[in-house]
Each structure stands twice: as C-alpha cells, then as structure tokens.
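Participant: Predicted structure and sequence below. I'll ask about it afterward.
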Amino acid sequence: MRYCGYLVTVILFIIKGSVCQQEFLSSPSAVVVSPGSNTTLSCLVENMGGECRWQKDGKPVGIYPGKYTLAKPDTEGDCSLTIFSVDLKLDDGEWECQVTSTSFQSQDALASSPAKLTVQVPPSTITLKTASQGTVEDQMMLRVAEDQLETITCMTSHSNPAPTISWQMGDQVLPSTKQTTTGERTEAILTHSFARSSSGQELQCVVSHAAYPSGERVVTAILDVLYKPTVSIARVDTPVLEDGVGSVTLTCNSQANPPARASWHKMGDKEGKKYPEELQMNPVRREQAGVYICQAENSVGRSEPEQTEVVVLYAPMMVVTQPKDKVEVMAHNRTVLTCQAEGNPAPKYQWIQTLSASTERTRSYTANLVVEDVGYGDQGEYRCVAINRIGGERREVESEPVKIEVTGAPQVVKQVGEVVGIHGSDVRLEAEFCSDPVPSESTWEWGGVVLPMGSEVDGRYKAELVSHPNKEDCYISRLTVKRLGLEDSRKYILNVENKHGKDMVPVLLTVKDSVSMASVISVVLVLLLILLILIISLLIAYNKQKLCFKGAEAAKKASSQEHHGYIQGASKLSLISENSDHVRPFPPSTKGLLPLDLIPPMQPQSLFNTPYYPTSSFYDKNSISFDSLHQTITHHTVGPATHNPSIGSPNTHGLPPPPSHEDENSNFQIYSQLQFPSTSNKGSMKKKKTDSALDSADTSPTP
C-alpha cells in the first residue's frame, strides 16, 4: 500500500511540472536612446517561478534604485528593466534578460537574446587631414598638387553609432576608400588627382548621423591646386641679326601656382650660367649665337624647357688654306688646294688664279681646287675668296696667295700650226713653251739644218729665245727668215729639252707670190668705170638745171643782167677743164690707172691672216708695209706716176667748184623757180620766143 502512495505522488509532481514550466512572453529588443534620457527594456515571463536577473555585455547588472530598477516589481512575471539617465559609457551595450530556475531540479532557467542598447551620440569633432598640410579646419584652404594623387582623410570622434562619411566636390560625388571605425574614431580616406581647373572649388566631407538635427554635418575645404610652371617665349629681333649691328630681346614668361622663378641658360654652356627672365643682347655678338633654353621652377616642380635659337650673321673671316703659301708639283701630276673660312651664312668659295697684273681666271667654285694633270699653265698665284650675303649685301674676304710652282719636262703651251709669208719679205716663226728648270737645249730644225738658239745661218735664218713677259718659267722661241723664197715653204720643228724630258712642235711655213699687177689694174679699171658713170650723171643733171635757169632769166627782164651773168658763167663751166691741171681726174702719166694713193691701205695681217699666223710685234705696220708692195707694183708701170694733191681732196674729181657764198641766194631762187615755175609753158622746158610770152613771164618769181 505504501509503495503505491509514493508512486502516485511522483506522477502528480511530474504532471504538475510539465504543465507550469516558465517561459518568455516577450524578450528585450534593440533600442536607441539619447544620452540622459530614460528607457525600459521589456522582459515578460510566463509561469515565472524563478527570479529576474539582467546582464550587460556578458556581465551581471544589479538592481540599483535610481539607476536600474524593475519596471513593475509587484507584478508576477514582469522582469522589465528601467534605466534612468542613460549614459554612453555605462549603458551602451548588449543587454540580456535572465530568469533563474524554479527549483534546482527544474532546470528551467531562462536567458533572452542580447538586445542592443545604443546611446546615440553625434561625432564631437570632424577633421580633415593631408600628409603635406596636416589638419585642415572648416573653410580653410586645402593645397593639393596638380595631377598628383592626393590622400585626404576625414575623421570623426566620440560618436555613437559610427557616422556615415561621404565626399563631394561641387555637385560631383567622389568615391572614397572603405570607411573604418576604431574605438570612438571613424575615418574615410579620399584618394584623388585634381586638375588645375579645380582650383577654387569646394571639397566637402559630409558626415551623416541620426543624432544631428538635420541628419548630417558638412566640413568644407577650399581647393588651392598647385601646379608646376609652364613657360612661353617672347622674342623681339631686328630685321637683320648681324654681328655688332642687330639686337635681340628674349623674355621667358611663366604661369604657375605658386609663382615660379624663370631663367635662361645657354645650351652647351659648361659653366651653367643663368640669365634673368628678360635677356637683352644689344648689340648682339657672334659669340652669343646659340640655343637658349627657358625654364621656370617652383615648389611643385620644374617646367618643361622651351628653347629658341639665336642665329648671328657675320661676314666670312679667318680664311685658312692648305697649303699655306706655296706648293711644288711635277708636271702631269695632281694637286689639291683647300680653303676653309668662318661665316654665317656658311660662305661659298672661289679659287682665282692670277695670270697677269690685269688678268685673272676663276678656277673653282668649291672649297677644294683639284688640279688634274698639272701643266705650266696652272703655275702662278691662287687666292681663295670666301663669300656670303647678309641682308642682300655681298660680303667677301680673300686668303693670302698660294703659289703653285710647276717643275718638269718642257711643254709647248702656244703654237702656230701654219704661217703664210710673202715672197721677198721677212717672216718670223714663234712658239711659246714653259720649262723648269731652264731648257738645256733649244733648237730649230729643218731640211737637215739644226739651228741652236742665239745662232744665225746664211744671214737669213736667225734663232732667238726670250723670256715671256707675263709668265714665269715660260719662253718665246723665234725663228726669223729674211727675204723669203719659194724654197722656204716647208715644216720647221722646234725642239726643247731639259733634265726631265723634252718636247717638240712643228710650224708650217707657206710662201706665196706677191699680188700681181693684173689684179691691181682690174681694181683701178673698175674704180674708173664707176667714176665715169658718176661724172656723166652729174653733167646731165647740170645741163638740165642750166636750161631751167636760162628760161627763168629771160622771163625776169628787170633783173636779167645779174642773173644772165651768172648763168653764162655757169654754162661755161666744164666738169673736166681743159685749161686747168688742178681739176684733172688723173695725171696723163698714169695712162688711165688710179694712183696707188687711192687704193685703200691694206695691212699685212688682213692680207695673210690665217689661223696659224703669229700675232707678234714683228708683223707690225712697219715690217711689211704697203710701200714695199707699192714699189713692187710700180716696178711694172710704164712711167712714174705724178701725184696730184687735188685728187685726194673731196669735190675735186673734175667737178666745177661750188658757188660762192654771195651766189647762194640767187641759186636758191633759180632752183625754186625750176621746182615751182611762176609761168607755164604747158609742160615744155623750151623757151617761148614770142614777145607776149616774154612779157607774161616778167612777173617776179615766188621764192
């Protein structure tokens, strides 16, 4: 019986425990409160058999009147906790509501999920910081470098919960790195590259927090974008930048933030000398020519260089030749003369050879004169002329003379292939040659005869050697042949020789007979025929004029005496007077031939001019004159010709003398009447014999 009683008791206890177990009706939830306010964390338990307990951040919290109290301590199952004067440091955290077990055997203790109690506190400070500038307060200038990544940090402190931070520049939202919170500090880092155009704009750090009345707070910095200089060049030149005359001003302008210091330096200057931003060269000197570089520098950096070249013009100078004074060259070899000069623009060159005091020859238009196969004609002085132009004006300078001396075998430089001589006259054969050293042997050779220089044979052949008047180391070899005969027509050979070799040249002499008498007679006859035709024409014209004068005189009876005398005198004139020897066209002794004085003078060169005839002083007007030819011609004439001086004078070839000055007017009147007669005879030139005609012709003629 007793055993059954215990069993019933246990069963009843189990049933009762399973029906009355405690549990949460509501557990605490997260709550956000402001500092100093009161808040209640709700916690309701059903079938509560244990005791209420609270825990914050894993640690138990006791019940303290005035700070932590149960909301309704007299109400069964209500474990709600009221917190008075909420404090960030004391109350902010994770809160749990716990209920102890009903008994040690029930094991029905309760623990709620943590509920976040947030004490909402806005950031106490907002600060902007940069690595270069440090802290930047609100509305302060923030200096950043152009096109460089700048790191700017926006920091907040003492806020709960952490705020949300964003960046703005004007209307543009800038991306930032991930926001971080460490303890009471929250920061957002902006990494950005700013352009020069951003200078003066506002960079804003926007902090959003629920504790702010407006929901956010903004900290602003004014951007001051610093950038390295950029430079530009301003230049003022004179039209012609000539050494010692022109001028140039160079100005190096810079644009930078902060302001930069600009300067000039010359490229290649080993000293590295710097010049101010405005560089003046007045007057400019040729040593100042070169490339000038403009640069500027500030705290951000150095500008990219800009450059300009100063080109100074100057006339050629410092002409240097190689060789300097003279060079000796063997004949038929090669030599080179070089020339170099300073000048801007770069000079052009000419090599000029002096042939004589008044004769020059341009040999080259380049700096190098190359003489191939040197001959004696290349010997002499040479000058190098360096030439340029400045402002359209020619500038030039000459070098000191360089002398080329040629040595070698003799060389004939000028020859006459053929010479024509007149029978019975003298002739000279010539050839020019050059030789250095002086020829050891020089001869003329013909028909087995060898005639050395300075020798004479048969009184007719003479060899001479004279120095050339204008050419150094050159000579003129002459062979004079007197009283030429037809047998002298042959080839004459000049031989010259020195220790280096020899040369020879043939000269052909052709002897021609003198001019025949038949040719002279033919010329004279032609001239006489022309003269005869001229005389006949004059006589016919004179007779016609005489008849017209007589008709006019008969018509003018009032003045017939004066005019009749003149006409009678004129009618008695004869073109060839029989009574006067002074008006005869030719003396009787000529027998119809013109005197030799009337033949135009002929020079020997005009008679015997050939491509090979030597033009030397031997054949001047006194060597073979026309007098000798005249003697030859007159040797065949019948008798000596008497010379009439009147023949050579004008208007004396048998013509009547001209009228005197006092007769000019009368002659003019008569000739005018002939051209425009005052009376008409119906086209007839015959004089009317009727008295009526004479009376009608008595009127005065119109002059």
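Facilitator: It's in.

Participant: need the helices for this structure, in chain order.
Facilitator: With DSSP state H, the ranges of helices along the chain come out as 2-19, 88-91, 517-555, 560-571, 604-607, 626-634, 645-648, 664-675, 691-696.

Participant: Could you pull out the strands in the stretch 201-350 of the chain for me?
Facilitator: Remark: strands assigned in the stretch 201-350 of the chain by DSSP state E, counting those that start in this stretch are 202-208, 216-237, 248-257, 261-266, 274-275, 278-281, 290-297, 306-310, 314-322, 326-330, 335-344, 348-354.

Participant: For these, could you give me TSV that also reports mean pLDDT?
Facilitator: Output for the strands of the stretch 201-350 of the chain, formatted as TSV (pLDDT from 0 to 100):
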stretch	mean pLDDT
strand 202-208	93
strand 216-237	94
strand 248-257	96
strand 261-266	95
strand 274-275	92
strand 278-281	95
strand 290-297	96
strand 306-310	96
strand 314-322	94
strand 326-330	94
strand 335-344	96
strand 348-354	96
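
Participant: Look up how far K266 lies from T249.
Facilitator: The gap separating T249 from K266 is 16 Å, by C-beta to C-beta, to the nearest Å. For the C-beta atoms, the positions are set from N, CA and C on the backbone; glycine is no exception.

Participant: So which of the two has more stuff around it?
Facilitator: Shown here are T249 and K266; by other C-beta atoms under 10 Å, K266 has more neighbours (18 against 14).

Participant: so the more buried one sits right up against V291, yeah?
Facilitator: Yes: between K266 and V291 a contact is recorded at 7.2 Å, counting by C-beta atoms under 8 Å.

Participant: about what we covered before: quick one: which of the strands of the stretch 201-350 of the chain is nearest V496?
Facilitator: strand 326-330 (17.3 Å; C-beta to C-beta).

Participant: from the middle of its chain, how far away would the closest one be?
Facilitator: Distance of strand 326-330 from the chain centroid (C-alpha atoms, centre = their mean, to the nearest Å) equals 39 Å.

Participant: try stretch 330-346
Facilitator: Relative to its chain's centre, stretch 330-346 lies at 25 Å (C-alpha atoms, centre = their mean).

Participant: With stretch 415-423 instead?
Facilitator: Per C-alpha atoms, centre = their mean, the centroid offset for stretch 415-423 relative to its chain is 58 Å.

Participant: And for stretch 475-494?
Facilitator: The answer for stretch 475-494 is 63 Å, by C-alpha atoms, centre = their mean.

Participant: So which bits of it are buried?
Facilitator: By neighbour count on 16 or more other C-beta atoms under 10 Å, the buried set for stretch 475-494 is Y475, I476, S477, R478, L479, T480, V481, L484, D488, Y492, L494.

Participant: do the same with stretch 371-381
Facilitator: Buried residues in stretch 371-381 (16+ other C-beta under 10 Å): V371, V374, Y376, G377, D378, Q379, G380, E381.

Participant: Let's have the buried residues of stretch 475-494 in TSV, adding pLDDT and distance to Q201.
Facilitator: Formatted as TSV, these follow (pLDDT from 0 to 100; distance: C-beta to C-beta, whole Å):
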residue	pLDDT	distance to Q201
Y475	94	100
I476	94	101
S477	94	105
R478	94	107
L479	94	111
T480	95	113
V481	95	115
L484	92	118
D488	92	118
Y492	94	111
L494	95	106
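
Participant: of those residues, closest to N38?
Facilitator: Of all the buried residues of stretch 475-494, Y475 has the smallest distance to N38: 144.6 Å, by C-beta to C-beta.

Participant: List the contacts of the closest one.
Facilitator: Listed by C-beta atoms under 8 Å, 6 or more residues apart in numbering, the contact set of Y475 reads E432, F433, C434, S435, P439, S442, L465, V466, S467, H468.

Participant: low-scoring stretches of the stretch 401-550 of the chain, by residue?
Facilitator: For the stretch 401-550 of the chain, the stretches flagged by pLDDT under 70 are 515-518, 546-550.

Participant: Quick check: the farthest pair among the buried residues of stretch 475-494?
Facilitator: Once C-beta to C-beta is applied, the buried residues of stretch 475-494 give Y475 and L484 as the farthest pair, at 25.1 Å.

Participant: And the closest residue to A256 other than its chain neighbours, how far from Y292?
Facilitator: Leaving out its chain neighbours, the residue that sits closest to A256 by C-beta to C-beta, 6 or more residues apart in numbering is P229, at 3.6 Å. Separation of P229 from Y292 (C-beta to C-beta): 17 Å.

Participant: check contacts around the residue lying closest to Y365 once chain neighbours are set aside.
Facilitator: Distance criterion C-beta to C-beta, 6+ apart; nearest residue to Y365, sequence neighbours excluded, is Q350 at 5.7 Å. For Q350, the contacting residues are T362, S364, Y365, C384, V385, I387, by C-beta under 8 Å, 6+ apart.

Participant: Among these, which ones are in strands?
Facilitator: T362, S364, C384, V385, I387 (DSSP state E).

Participant: of the residues you listed, buried ones?
Facilitator: Buried among those by 16+ other C-beta under 10 Å: S364, C384, V385, I387.

Participant: Dig out what the second one forms beta bridges with.
Facilitator: Beta-bridge pairing of C384 under DSSP bridges involves W351.

Participant: Was I right to think it contacts K348?
Facilitator: No: at 11.1 Å, C384 and K348 do not qualify as touching, with contact defined as C-beta under 8 Å.

Participant: So T249 sits against R235, correct?
Facilitator: Yes: using C-beta under 8 Å, T249 makes contact with R235 at a distance of 7.1 Å.

Participant: so how many other residues sit close to R53?
Facilitator: By other C-beta under 10 Å, neighbour count at R53 equals 20.

Participant: An error on my part: the question was meant for W351.
Facilitator: By other C-beta under 10 Å, the residues close to W351 number 25.

Participant: Identify the residues contacting it.
Facilitator: Contacts of W351 by C-beta under 8 Å, 6+ apart are L337, C339, T362, R363, S364, L369, Y382, R383, C384, V385.

Participant: Tell me the pLDDT of the closest residue to F84 other than its chain neighbours.
Facilitator: In space, and not counting its chain neighbours, F84 is closest to N38: 5.1 Å by C-beta to C-beta, 6+ apart. Here, the pLDDT recorded for N38 equals 93.

Participant: Kindly provide the distance from N38 to A211.
Facilitator: Per C-beta to C-beta, N38 is found 18 Å from A211.

Participant: The two - which one has more neighbours?
Facilitator: More crowded of N38 and A211, by other C-beta under 10 Å: A211, with 17 against 10.

Participant: Quick check: the gap between the closest residue to T181 other than its chain neighbours and I189.
Facilitator: Nearest residue to T181, sequence neighbours excluded (C-beta to C-beta, 6+ apart): A162, at 4.2 Å. Look at A162 and I189: by C-beta to C-beta, they are 15 Å apart.

Participant: quick one on the thing from earlier: please, a PyMOL command that selects the buried ones among the contacts of Y475?
Facilitator: Buried residues among those (16+ other C-beta under 10 Å), as a PyMOL selection:
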select buried, resi 432+433+434+435+439+442+465
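
Participant: wait, which of the contacts of Y475 is closest to T177?
Facilitator: Comparing the contacts of Y475 against T177 with C-beta to C-beta places C434 closest, at 99.5 Å.

Participant: what's the spacing between the closest one and A315?
Facilitator: C434 sits 38 Å away from A315, going by C-beta to C-beta.

Participant: again, but for G215
Facilitator: Distance of G215 to A315, computed by C-beta to C-beta: 85 Å.

Participant: cool, K499 as well?
Facilitator: 48 Å.

Participant: can you put the contacts of Y475 in JSON lines and add distance to V402?
Facilitator: Listed next are those as JSON lines, based on distance: C-beta to C-beta, whole Å:
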{"residue": "E432", "distance to V402": "25"}
{"residue": "F433", "distance to V402": "25"}
{"residue": "C434", "distance to V402": "19"}
{"residue": "S435", "distance to V402": "23"}
{"residue": "P439", "distance to V402": "27"}
{"residue": "S442", "distance to V402": "31"}
{"residue": "L465", "distance to V402": "30"}
{"residue": "V466", "distance to V402": "29"}
{"residue": "S467", "distance to V402": "24"}
{"residue": "H468", "distance to V402": "22"}
